[in-house]
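1. Sequence and predicted structure, then a few things I'm wondering about:
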Amino acid sequence: MNPAVYNAFLGLAAVLLVVGFFTIAWRIVVGPNSMDRALGNDAISASLQCVLALYICWSLDTTVVDVMIVIALLGFISSASIARYRKKDDAL
């Protein structure tokens, strides 16, 4: 593949990820309840994995795969713990 086209696609993906991060951050800050914030937390961990995958495609360096695995495990554990121990927003 032509390197210019490859870099253009990676740049487009990076721009879309930045737009996604701002959208997720807006949902976390403005979210009307705690489930919106929990969903934002899960989306941030998934987006971080996408950023690391984009870095791997850009640099052809696979040393960050372990970091991707740790982020995936932390995202899963945080989502599972929120689902298990969440109370309704109006309950004390």
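-> Ah, there it is. Everything numeric here is computed off the predicted structure, so don't read it as measured data.
2. and after the one helix or strand Phe22 maps to, which helix or strand comes next?
-> According to DSSP states H and E, Phe22 maps onto helix 3-30. Downstream of helix 3-30, the first helix or strand assigned by DSSP H and E is helix 34-59.
3. Hey, what's the angle from the helix holding Phe22 to helix 34-59? Just curious.
-> 160 degrees (axes from the mean of the first three to the mean of the last three CA atoms, to 10 degrees).
4. So which elements touch helix 3-30?
-> On a contact count with 3 or more CB pairs under 8 Å, 6 or more residues apart in numbering; DSSP states H and E, helix 3-30 meets helix 34-59. Using the backbone N, CA and C atoms, a C-beta is placed for each residue, glycine as well.
5. buried set for the helix it packs on?
-> Neighbour-count burial for helix 34-59 flags 37-45, 47-51, 54-55 (criterion: 16 or more other CB atoms under 10 Å).
6. cool, and stretch 70-85?
-> Buried-residue list, stretch 70-85, by 16+ other CB under 10 Å: 71, 75, 82.
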